[in-house]
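A.B. asks: from the sequence below, what's the structure:
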Amino acid sequence: MGIKIEDLPPRLQAQARAQIERDKRPESRSQYPEVRMLESGEDRRTECASHIEHLSREDRRTECRSHIARGQRRVPNKTEADYQRYHLRGMDARFEAVTFRMANGHRYTPDWVVFADGRPVACHECKGGYALHSQQRARLAFDQVRVEYPGLVWVWAVKTPAGWQVTTL
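C.D. replies: The predicted model follows:
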């Protein structure tokens, strides 16, 4: 029992065909199938225009807005940029380049991913010294993904007044 692409709605057909094309490229393959590496030229805004033609005007406005919001690239904040400047200099470190899908259905995106030979080898999570409640949730997700993906080096870093407290796990 299988589903044919032609049986899907037009928007999902476009997504499936795009994913199939991305999977054919060798640089998009990963040792972990759940890991999705962002490509340097990828821009979700161009996809938005192509998949909304069949929607009503109101649905088009809502769908396009949410689609663009999900696809926008983030830039490092001051703490993340500072960590990259002092600890990842000279390495092929990319900001939020990989998203891990965990067994519990949640996703985790580390702040920095270090690549060697085009493959992720280390994931770095950096936090400011002021501990918010979100830091506990981030640490739980970090520990969970560390257990599920043991083949990578995992680094937890906290910026303190005395400097960076870096823990390699």
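
A.B. asks: C-alpha only now, for contacts and for neighbours.
C.D. replies: Fine.

A.B. asks: name the element residue 120 belongs to?
C.D. replies: strand 119-127 (DSSP states H and E).

A.B. asks: please identify the buried residues of that strand?
C.D. replies: 120, 122-127 (16 or more other Cα atoms under 10 Å).

A.B. asks: now swap in stretch 128-138 and tell me
C.D. replies: If you call a residue buried by 16+ other Cα under 10 Å, then stretch 128-138 has these buried ones: 128, 138.

A.B. asks: dump the C-alpha coordinates for that stretch into CSV.
C.D. replies: Taking C-alpha atoms only, stretch 128-138 is exported to CSV below (Å, rounded to 0.1, in the frame of the first residue of the first chain):
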residue,chain,number,x,y,z
GLY,A,128,24.1,33.9,28.5
GLY,A,129,24.9,34.1,32.2
TYR,A,130,21.4,35.2,33.2
ALA,A,131,19.5,31.9,33.7
LEU,A,132,16.0,32.1,32.4
HIS,A,133,13.4,29.4,32.7
SER,A,134,13.9,28.7,29.0
GLN,A,135,17.5,27.7,29.7
GLN,A,136,16.2,24.6,31.7
ARG,A,137,14.1,23.6,28.8
ALA,A,138,17.0,24.1,26.4
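
A.B. asks: and for the strand holding residue 120, what's in contact with it?
C.D. replies: With Cα atoms under 8 Å, 6 or more residues apart in numbering as the test, strand 119-127 has contacts from 30, 79-80, 83, 110-115, 135, 142, 151-159.

A.B. asks: picking up where we left off before, any chance of the buried residues of strand 119-127 in JSON lines, plus pLDDT and distance to residue 4?
C.D. replies: Listed next are those as JSON lines, based on pLDDT from 0 to 100; distance: Cα to Cα, whole Å:
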{"residue": "120", "pLDDT": "90", "distance to residue 4": "33"}
{"residue": "122", "pLDDT": "96", "distance to residue 4": "38"}
{"residue": "123", "pLDDT": "96", "distance to residue 4": "37"}
{"residue": "124", "pLDDT": "96", "distance to residue 4": "40"}
{"residue": "125", "pLDDT": "96", "distance to residue 4": "40"}
{"residue": "126", "pLDDT": "94", "distance to residue 4": "43"}
{"residue": "127", "pLDDT": "92", "distance to residue 4": "45"}
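
A.B. asks: between those, which is nearest residue 19?
C.D. replies: Closest approach between the buried residues of strand 119-127 and residue 19, by Cα to Cα: residue 120, at 20.5 Å.

A.B. asks: tell me, how many neighbours does residue 96 end up with?
C.D. replies: Residue 96 has 21 neighbours, counted by other Cα atoms under 10 Å.
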